[in-house]
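Asker: got a predicted structure plus its sequence, pasted below:
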Amino acid sequence: MHLQRHKLMALTEYLAPRPAVPERCLRPAAGPQEEENGYARLLRRQVEEVFRDSRMIAVCQYNSMPGDDMVLMRHYLRKHNIEVKFFLNEIVRPVLSQSRYKNLLPLFVGRNILLVSPETKAKEMLRVLKGVPQVSLLGACIDDTILSRQGVENFAKLPPLEASQGQTVGALALLPSQTCSLLQHGAAHLTALLDRHIRQLRDGAGEGGTPAGPEPAQSPGAP
């Protein structure tokens, strides 16, 4: 290449524009990774234990209320073996997102409290919450079944489990007893008819003597 042409190519070479801000200023420096807070791990472990050991977990919206009213509500709930748990949504949501209770996540908005119990005391819980307007029931998980507020109210109207089991056992025992009585009815009726016939024969024999039987056959040649 001629020297003049080489100079021309060097002058006309495209140079990309430099950024206004250096790249080292745009990219944050990689600092040391923050370690997880031990207190947060402890709270998450407590949330996991609550959801694992409780048959009834009710999620409620909590509004500000006097401390005396809160103490009174806790007292009435504790009489029915129902505990009040306060957990931040930042603690509960990560735990639920990785569990089978993740469908409860939409309920954890704002300030929430949990009413937990190892028993299904839905009727008693609703009776206590009826006198506490500052606490609104949003939904619950009872025996691994997620229910809305209406579902919890319908569940509270159901009879106790022992009564339902007794009704079921009685209904199942009624059918075999009816079948047995139907099978024995024919034999019992036949036995009653035979007994009545025997009594009639005995009564007739007592009134007219020995019932007349067939005459004995005479031998041939007899006079």
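Answerer: Nice, I can see it.

Asker: contacts and neighbour counts: CA atoms only from here.
Answerer: OK.

Asker: now for the residue sitting nearest the centre point of the chain: which residues touch it?
Answerer: For the chain, the residue nearest the mean C-alpha position is residue 143 (3.0 Å; Cα atoms, centre = their mean). When contacts are counted by Cα atoms under 8 Å, 6 or more residues apart in numbering, residue 143 is found next to 55-56, 120.

Asker: hang on, residue 147 packs against residue 141?
Answerer: Yes: if you go by Cα atoms under 8 Å, residue 147 and residue 141 touch, sitting 5.9 Å apart.

Asker: more neighbours: these two, which one.
Answerer: Ranked by neighbour count (other Cα atoms under 10 Å), residue 147 and residue 141 place residue 141 first, with 21 against 18.

Asker: so the more buried one sits in a strand?
Answerer: Yes: assessed by DSSP: H, G, I helix; E, B strand; the rest coil, residue 141 belongs to a strand.

Asker: for residue 48, see how far away it is.
Answerer: 14 Å (Cα to Cα, to the nearest Å).

Asker: and the next element down the chain from the worst-scoring helix or strand of the chain on mean pLDDT?
Answerer: Using mean pLDDT, DSSP states H and E, helix 23-26 stands out as the lowest-scoring helix or strand of the chain, at a mean of 69. Remark: after helix 23-26, the chain's next helix or strand is helix 38-53, criterion DSSP states H and E.

Asker: helices or strands up against that next one?
Answerer: helix 89-97 (3 or more Cα pairs under 8 Å, 6 or more residues apart in numbering; DSSP states H and E).

Asker: then the helix it packs on to PDB, C-alphas only?
Answerer: C-alpha atoms of helix 89-97 as PDB (Å, rounded to 0.1, in the frame of the first residue of the first chain):
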ATOM      1  CA  ASN A  89     -44.700 -11.100  56.600                       C
ATOM      2  CA  GLU A  90     -41.100 -10.900  55.600                       C
ATOM      3  CA  ILE A  91     -40.600 -14.000  57.800                       C
ATOM      4  CA  VAL A  92     -43.700 -15.900  56.800                       C
ATOM      5  CA  ARG A  93     -43.800 -15.400  53.100                       C
ATOM      6  CA  PRO A  94     -40.400 -17.100  52.300                       C
ATOM      7  CA  VAL A  95     -41.400 -20.100  54.400                       C
ATOM      8  CA  LEU A  96     -44.800 -20.500  52.800                       C
ATOM      9  CA  SER A  97     -43.500 -20.100  49.200                       C
END
